[in-house]
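Peer 1: sequence plus the predicted model coming up.
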Amino acid sequence: MVSRSCSSFLELASGNLLDFPPTPRSLPRVMTIPGILTDIDESESKDDESNFSSSTSRERKIVVANFLPLNAQKDPKTSKWRFTLDEDSLVLQMKDGFSSENEVIYVGSLKVEIDVSEQDEISQKLLEEFNCVPTFLPHDLQRKFYHGFCKHHLWPLFHYMLPICPDHGNRFDRLLWQAYVSANKIFADKVMEVINPEDDYVWVHDYHLMILPTFLRKRFNRVKLGFFLHSPFPSSEIYRTLPVRDEILRALLNADLIGFHTFDYARHFLSCCSRMLGLDYASKRGYIGLDYFGRTVYIKILPVGVHMGQLESALNLQSSSIKVKEIQEQFKGKTLILGIDDMDIFKGISLKLLAMEQLLNRHPEFRGKIVLVQIVNPARSTGKDIQEAKSETYITTQRINDTYGFQGYEPVILIDRPVPLYEKTAYYALAECCIVNAVRDGMNLTPYNYIVCRQGTPKINEAMGFTNGSSNHTSTLIVSEFVGCSPSLSGAIRVNPWDIDAVADALNQALTMPDLEKKLRHEKHYRYVTSHNVAYWARSFMQDLERTCKDHYKNRCWGIGFGLSFRVVALSPNFRKLSIDHIVSTYKRTTRRAIFLDYDGTVVPQVSIVKSPNPEVISVLNNLCSDLNNIVFIVSGRGKSSLSDWFDQCENLGIAAEHGYFIRWNRILTWESTPVADNFDWKRIAEPVMKLYTEATDGSYIETKESAMVWHHQDADPDFGSCQAMELLDHLENVLANDPVVVKRGQHIVEVKPQGVSKGLVAEKVLSTMIGDGKAPDFVLCIGDDRSDEDMFESISRIASSSSLSTAPEMFACTVGQKPSKARYYLDDSIDVVKLLHGLANASSLKPSSTQHAQVSFESCV
């Protein structure tokens, strides 16, 4: 069923947005079937090939962001647009992390609106001069996309602000969501105009473009795609309130590598994937990976850095030196505290001012001696919340200055205007303390900028009055614990911005800190900032993306799902869907057959409330068992009593219960138990441990079998249940280390069972018995759906290749569902399994049409 959001998505633009038009430039190789590559049509002109080769002579990186790294200005005289590179843009600075041999192409919007009549000309100009591909969004779409869904839905939510009431936040608007989808589609179209999917790497940035990976993955199954989120990712309790939560998660999982600034943000994302999509994650040789339909989506945790060269160049400007002297003169004899923040409700400016007020109230000795310079960058969005925050900032500032100021002294200086970089660097260099007090922020590079500027350069040090090469290489940082850069700044004074008293105490600590301690803290921070700059961040992310994508062509890929539920399944090249027609053909020309069937999830649906087999299953099993050439076994983890009752009508059916500990060849014979395990004293040790975890884990329970004990946690909290399962596994392995048992973790279970008991042992025993009786099998079919069935697949393959068989039997190891498996074939679900069994049963009732050997083939994956 397509969700409501997907339905709306499919209705946009009077058609399915995922039905892409042909890419408007020739590619050397084109995907005609998802996952299958074919050479370019030889009829294409040589001119087309030569045109394209010139653009692919170097390895290319396609960087996609909401805005291009450009500044635009219209000449009032000529009405012509002039463009310059935006040196402050992160996506431009990160180019330093790429090899000089790489070609970098930028895809994004301009910060100005361009008339439709000028768009083609400007597109060509920007591509030729700046390697930029602009995405021109219509005015109304841009407003709904950026100022609507991005700034009024995603931004507040990702910063933990819920629209509890209309006065605080906007309720979810499906029209704005549709605009978000449409805008992402336009960005994807622009990427497709320039991408060579086999060679290029695509790096998508930030929350504006979170569903873009789905569009690209839909068009190019093996696209090399990374995504980095520059904002916080909220906890699952916050994120799950978003009506389109699943669509966004699935879209992000269509990337190969997903980056976050901190482990907290990554942990929240992984928790959402676990709780909402049921996905497991694990650390693989130091890298966190999510298994998603055969693909491994890796998680990268690395905070972005600053551009050292840009800051040092700004410090060396003559204008910076002049500004330093002006500031020194203005605040002569006073200690400078600096704050630089966007006008935003999450930056905590008013809380910072309240802490300053508290400091002056508690410590009169600071009055007239300290000044807080608060630079307010222009707001990036509009709305009632911004106006309220601005008003509160001005009112608080005025109150502090009226209360604690006097003639010639204002304790708080508010600079509410665009401040050029050279002026900011001057304030950074002179400030004894920098405070970042945001209540929630993605990264915030203000502390990094401050550290670099406090280190200074010879020229700025000279302007500050330091001679003979000496300078004040000290810095004091107060950083909110809710800011992304906080974990990397271990020498900073970390504060809870909501605790006004604690922030005031931190200011006092910073102002009275000994110079030696300031110097040691500064040196520690400066070493980190210089070694983890923006180039290091970009290079590290791209190296991990290359590593992640190196195995793209080892697996067979195809797309499944509609709308934003689209995803790519990646499986072994030899993995095929089992064709009923061809297996029936093989079945007819064989005479000694062994058939092994799992129960739950194979002959009956896993999600079925009624666990007993229906009359159709009983009938088809009886038909198969009535053929004297067949030996048919149900191999299950369930207890023998349940299986005996359910299959009482199947006289000739073999049953293996409790993963093969008990075996019965038919209804007449008695149950046999595996001789490898006859001592169950270990249960007296395992049961109290399991009870302990059951009492501590709501929703869990113990299943006691004759040969095994199973702890289930599928009804427990996903995160807590998984955590408890790992602890229980470790606990049981320790206390049962000297007992002949195996402790295994499965899907929502932890099981203890005797060593040597497995479904694979059942298959080995049955096949070995047939060989020993002189009736070596010439046809083996094994179907199962979970991890325990993988033992059967492995066993039948091993026996089939053994030297004891003169002729290898026809082997059909088949898993249920498209997923990584040791089986070579798959069927979609239990319905397909029953259909296949019907086909075999019908063939048993007919005479063999021929004994001629025919090559078995299988349906192609579409």
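Peer 2: Great, that's in hand. Numbering: from 1, shown residues only.
Peer 1: which residues in the stretch 301-450 of the chain form helices?
Peer 2: For the stretch 301-450 of the chain, the helices defined by DSSP state H, counting those that start in this stretch cover 308-315, 318-330, 349-362, 384-404, 421-430, 446-455.
Peer 1: by contact count, what packs against the first one?
Peer 2: Contact here means 3 or more CB pairs under 8 Å, 6 or more residues apart in numbering; DSSP states H and E; on that basis helix 308-315 packs against helix 421-430, helix 446-455. Bear in mind the C-beta positions are built from the backbone N, C-alpha and C, glycine included.
Peer 1: 6 Å instead?
Peer 2: Packing partners of helix 308-315 (3 or more CB pairs under 6 Å, 6 or more residues apart in numbering; DSSP states H and E): helix 421-430.
Peer 1: sorry, back to before: which of the helices of the stretch 301-450 of the chain sits closest to Val116?
Peer 2: Closest approach to Val116 among those (CB to CB): helix 384-404, 30.9 Å.
Peer 1: quick check: buried residues in that closest one?
Peer 2: Judged by neighbour count (16 or more other CB atoms under 10 Å), helix 384-404 contains these buried residues: Asp385, Ile386, Ala389, Lys390, Thr393, Thr396, Thr397, Ile400, Asn401, Tyr404.
Peer 1: with pLDDT as extra columns, can I get these in TSV?
Peer 2: Shown next, in TSV, are the buried residues of helix 384-404 (pLDDT from 0 to 100):
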residue	pLDDT
Asp385	81
Ile386	86
Ala389	90
Lys390	92
Thr393	95
Thr396	96
Thr397	96
Ile400	96
Asn401	96
Tyr404	96
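Peer 1: can you put the residues you listed in CSV and add distance to Phe228?
Peer 2: Listed next are the buried residues of helix 384-404 as CSV, based on distance: CB to CB, whole Å:
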residue, distance to Phe228
Asp385, 27
Ile386, 26
Ala389, 28
Lys390, 30
Thr393, 31
Thr396, 36
Thr397, 36
Ile400, 39
Asn401, 42
Tyr404, 44
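Peer 1: nearest to Ala708, of those residues?
Peer 2: Nearest to Ala708 among the buried residues of helix 384-404, counting by CB to CB, is Asp385 at 58.1 Å.
Peer 1: just the pLDDT for the closest residue to the closest one other than its chain neighbours.
Peer 2: Leaving aside its chain neighbours, Asp385 sits nearest to Ile345 (4.8 Å; criterion: CB to CB, 6 or more residues apart in numbering). Per-residue confidence (pLDDT) for Ile345: 88.
Peer 1: going forward, count from 18.
Peer 2: Happy to do that; since the first residue is 18 now, the last one works out to Ile362.
Peer 1: rewinding a little: need the helices of the stretch 318-467 of the chain in TSV with distance to Gly243, can you?
Peer 2: Output for the helices of the stretch 318-467 of the chain, formatted as TSV (distance: least, CB to CB, whole Å):
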stretch	distance to Gly243
helix 325-332	24
helix 335-347	36
helix 366-379	34
helix 401-421	32
helix 438-447	29
helix 463-472	23
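Peer 1: of these, which stretch is the most buried?
Peer 2: helix 463-472 (a mean of 26; mean count of other CB atoms under 10 Å).
Peer 1: and the next element down the chain from that helix?
Peer 2: Heading C-terminal from helix 463-472, the first helix or strand you meet, by DSSP states H and E, is helix 475-480.
Peer 1: quick one: contacts of that following helix?
Peer 2: Identification of contacts with helix 475-480 by CB atoms under 6 Å, 6 or more residues apart in numbering yields Leu332, Asn333, Ser338, Val341, Ala446, Ser488.
Peer 1: pLDDT below threshold where in the chain?
Peer 2: Applying pLDDT under 70 to the chain flags residues 18-75, 182-186, 484-489, 693-694, 820-821, 863-879.
Peer 1: alpha carbons of stretch 534-542, as CSV, please.
Peer 2: The C-alpha coordinates for stretch 534-542 follow below in CSV (Å, rounded to 0.1, in the frame of the first residue of the first chain):
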residue,chain,number,x,y,z
GLU,A,534,45.9,27.5,32.2
LYS,A,535,44.5,29.7,29.4
LYS,A,536,47.7,29.0,27.4
LEU,A,537,47.5,25.2,27.9
ARG,A,538,43.8,25.1,26.9
HIS,A,539,44.5,27.2,23.8
GLU,A,540,47.4,25.1,22.7
LYS,A,541,45.3,21.9,23.0
HIS,A,542,42.4,23.5,21.0
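Peer 1: quick one on the thing from earlier: pull the most distant pair out of the buried residues of helix 401-421.
Peer 2: So, these by CB to CB: farthest apart are Asp402 and Tyr421, at 28.6 Å.
Peer 1: residue most distant from the centroid, this protein?
Peer 2: Relative to the centre of the chain, and counting by CA atoms, centre = their mean, the farthest-placed residue is Gln424 at 56.7 Å.
Peer 1: could I get the contacts of helix 475-480 as CSV with distance to Asp113?
Peer 2: CSV is the format used below for these (distance: CB to CB, whole Å):
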residue, distance to Asp113
Leu332, 18
Asn333, 18
Ser338, 26
Val341, 27
Ala446, 23
Ser488, 26
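Peer 1: out of those residues, which comes closest to Ser838?
Peer 2: Closest approach to Ser838 among the contacts of helix 475-480 (CB to CB): Leu332, at 59.6 Å.
Peer 1: and that closest one, what is it in contact with?
Peer 2: Neighbouring residues of Leu332 by CB under 6 Å, 6+ apart: Thr442, Thr474, Ile477.
Peer 1: let's see 7 Å
Peer 2: By CB atoms under 7 Å, 6 or more residues apart in numbering, Leu332 lies in contact with Thr442, Ala446, Cys470, Gly473, Thr474, Lys476, Ile477.
Peer 1: and what of Thr824?
Peer 2: For Thr824, the contacting residues are Asp795, by CB under 7 Å, 6+ apart.
Peer 1: mind redoing it with 8 Å?
Peer 2: Ala793, Asp795 (CB atoms under 8 Å, 6 or more residues apart in numbering).
Peer 1: what residues are up against Arg257?
Peer 2: Neighbouring residues of Arg257 by CB under 8 Å, 6+ apart: Cys289, Arg292, Met293.
Peer 1: just send those residues back as CSV, with secondary structure, distance to Val81 and neighbour count too.
Peer 2: Below are the contacts of Arg257 laid out as CSV (DSSP: H, G, I helix; E, B strand; the rest coil; distance: CB to CB, whole Å; neighbours: other CB atoms under 10 Å):
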residue, secondary structure, distance to Val81, neighbour count
Cys289, helix, 23, 25
Arg292, helix, 29, 16
Met293, helix, 26, 16
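Peer 1: from the residues you listed, pick the one nearest Val150.
Peer 2: Cys289 (32.0 Å).
Peer 1: pretty sure the closest one contacts Thr258?
Peer 2: No: using CB atoms under 8 Å, Cys289 is not in contact with Thr258, being 11.5 Å away.
Peer 1: picking up where we left off before, which pair of the contacts of Leu332 spans the longest distance?
Peer 2: Cys470 and Lys476 (12.5 Å).
Peer 1: in the helix or strand that contains Asp598, what counts as buried?
Peer 2: Here Asp598 sits within helix 597-605, counting by DSSP H and E. In terms of neighbour count (16+ other CB under 10 Å), helix 597-605 has its buried residues at Ile597, His599, Ile600, Ser602, Thr603, Tyr604, Lys605.
Peer 1: which neighbouring elements make contact with it?
Peer 2: Packing partners of helix 597-605 (3+ CB pairs under 8 Å, 6+ apart): strand 796-801, helix 847-861.
Peer 1: got a markdown table for the ones you listed, with mean neighbour count too?
Peer 2: Shown next, in a markdown table, are the helices and strands packed on helix 597-605 (neighbours: other CB atoms under 10 Å):
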| stretch | mean neighbour count |
| --- | --- |
| strand 796-801 | 26 |
| helix 847-861 | 19 |
